[in-house]
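**Q** Provided below for reference: sequence and predicted model.
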Amino acid sequence: MPIDETLSQYSDWLYTTAAAIYVVALMMTLIEQGFGAKGRLAMERAKRRSRELVGAGGPPIEEVQTAQREVGRPERIGRMGAALLVLGALLQLSAIVLRGLAVHRAPWGNMYEYGMAVTFITVVTWLIVMYKFPVRHLTGFLLLPVVILMFINGTLLYTIAAPVQPALQSYWLVIHVSAAIIGSGVFLVPGVASVLYLFRAAYEKDETKFARFASKLPAADVLDRIAYRTTIFAFPVFTFGVLCGAVWAESAWGRFWGWDPKETVAFIAWVVYAAYLHSRATAGWRGARAAAINIVGFAAIIFNLFFVNLVTAGLHSYAGVG
């Protein structure tokens, strides 16, 4: 069937619009992160004084009202940023759907489409995390890599809508690549959470370290739980994707494994995340050591997502997926 150029153009416009909305949401959440901390500290002081002065009627009403104002303004901006994040995710989903309708196949047959889907999964994962944990003010730190990836994806990696090569015309494109997309997209969240954890943990040990930045972050335990729970979800999905890739490779190339660069880095990432979960379950590793392992896995995912496709040569190079 011929490519629907009109739908493809609409998809590109929606993708660009979603990226622009994410930039605005990023700035709004950074405002909440930067200026909301003062209000949160003022509110904590008011609550502390309320407990201390419970027999004397609590702190002065002016103090409480001032704290509420300092919390309220950045918080309203943060809520607006979260609403824009939802809008951007809906627009990006529409861009993915329209791309699929334009090419009459699963919309992840090249590197541009793959990157579009991965960043969408990352945003959706973060929206779920925000619903479960009070970490909305950290959205800017998650959106920063997402916006960078979307910019690279929409410029250096952009590919016009076209049919896929014969080797990709298989139902495994839907099964294997969709699992890789979900796993990779979710893994970006624990990667960011683990980086923030290291800053916060260092601050909790010594309040002179990274005080201006780390004091505004949630407790280290919260960041550790976010990293662990999202990794637990992503790992089996990623494992399924790796196994399906081996089955597809045997069908397409006559071997299950050939140490192709993309296969090798994906396997390294799998080993790193397996070590992270195993160490948490058996050795009881928590804290900085576990976070460091998670960050190594995060780096492997990013390396495999871009460098392997752009620089190295292998059986996956023609597609940029898998």
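**A** Nice, I can see it.
**Q** Strands along the stretch 1-150 of the chain, start to end?
**A** In the stretch 1-150 of the chain, no strands are defined using DSSP state E, counting those that start in this stretch.
**Q** could you pull out the helices for it?
**A** For the stretch 1-150 of the chain, helices defined by DSSP state H, counting those that start in this stretch occupy the ranges 5-52, 61-103, 111-132, 139-155.
**Q** Give me the neighbour count for the nearest residue to Met1 once chain neighbours are set aside.
**A** Leaving aside its sequence neighbours, Met1 sits nearest to His104 (Cβ to Cβ, 6 or more residues apart in numbering; 4.8 Å). Bear in mind the C-beta positions are built from the backbone N, C-alpha and C, glycine included. Counted with other Cβ atoms under 10 Å, the neighbours of His104 add up to 12.
**Q** quick one: His104 from Tyr112, how far?
**A** His104 is 17 Å from Tyr112, where distance means Cβ to Cβ, to the nearest Å.
**Q** Same question for Gly287.
**A** Taking Cβ to Cβ, one finds Gly287 at 39 Å from Tyr112.
**Q** show me where pLDDT drops low in the stretch 201-322 of the chain?
**A** By pLDDT under 70, the weakly predicted segments of the stretch 201-322 of the chain are 283, 308-322.
**Q** And Glu250, how close does it get to Asn304?
**A** Distance from Glu250 to Asn304, by Cβ to Cβ: 21 Å.
**Q** More neighbours: the two, which one.
**A** Just comparing Glu250 and Asn304: by other Cβ under 10 Å the higher neighbour count belongs to Asn304, 23 against 12.
**Q** For that one, give me its contacts.
**A** Each residue near Asn304 by Cβ atoms under 8 Å, 6 or more residues apart in numbering is listed here: Ser184, Lys262, Val265, Ala266, Ala269.
**Q** what about the helix or strand hosting the second one, distance to the chain center?
**A** Using DSSP states H and E, the secondary-structure element containing Lys262 is helix 261-278. Remark: helix 261-278 is offset 18 Å from the chain centroid, using Cα atoms, centre = their mean, to the nearest Å.
**Q** same thing with stretch 169-185?
**A** Distance of stretch 169-185 from its chain centroid, counting by Cα atoms, centre = their mean, is 17 Å.
**Q** Next: stretch 94-104.
**A** That offset, for stretch 94-104, works out to 22 Å (Cα atoms, centre = their mean).
**Q** what's in contact with that stretch?
**A** Here stretch 94-104 has contacts from 1, 3-8, 10-12, 14-15, 18, 106-107, 109, 113, 116-117, 120, 161-163, using Cβ under 8 Å, 6+ apart.
**Q** try it again with 10 Å
**A** Stretch 94-104 is contacted from outside by 1-19, 105-110, 112-113, 116-117, 120, 160-164, using Cβ atoms under 10 Å, 6 or more residues apart in numbering.
**Q** Mark which of those residues are buried, thanks.
**A** In the contacts of stretch 94-104, burial by neighbour count holds for 4, 7-8, 10-12, 14-15, 17-19, 105-110, 112-113, 116-117, 120, 161, 164, counting by 16 or more other Cβ atoms under 10 Å.
**Q** circling back to that earlier point, out of the contacts of Asn304, which is nearest to Phe256?
**A** In terms of Cβ to Cβ, no member of the contacts of Asn304 lies closer to Phe256 than Ala266, at 13.5 Å.
**Q** For Pro166, see how far away the closest one is.
**A** Using Cβ to Cβ, Ala266 is found at 23 Å from Pro166.
**Q** Between the two, which has more neighbouring residues?
**A** Ala266 (24 against 8).
**Q** Can you give me the distance of the more buried one to Phe303?
**A** Using Cβ to Cβ, one obtains 10 Å as the distance from Ala266 to Phe303.
**Q** ok, now Thr208?
**A** Here Thr208 is placed at a distance of 34 Å from Phe303 (Cβ to Cβ).
**Q** Which residue of these two possesses the greater neighbour count?
**A** Neighbours were counted for Thr208 and for Phe303 using other Cβ under 10 Å; Phe303 has more, 14 against 7.
**Q** Which pLDDT value does the model give Gly183?
**A** Looking at Gly183, its pLDDT reads 94.
**Q** hang on, isn't it packed against Val189?
**A** No - using Cβ atoms under 10 Å, Gly183 makes no contact with Val189, being 11.6 Å away.
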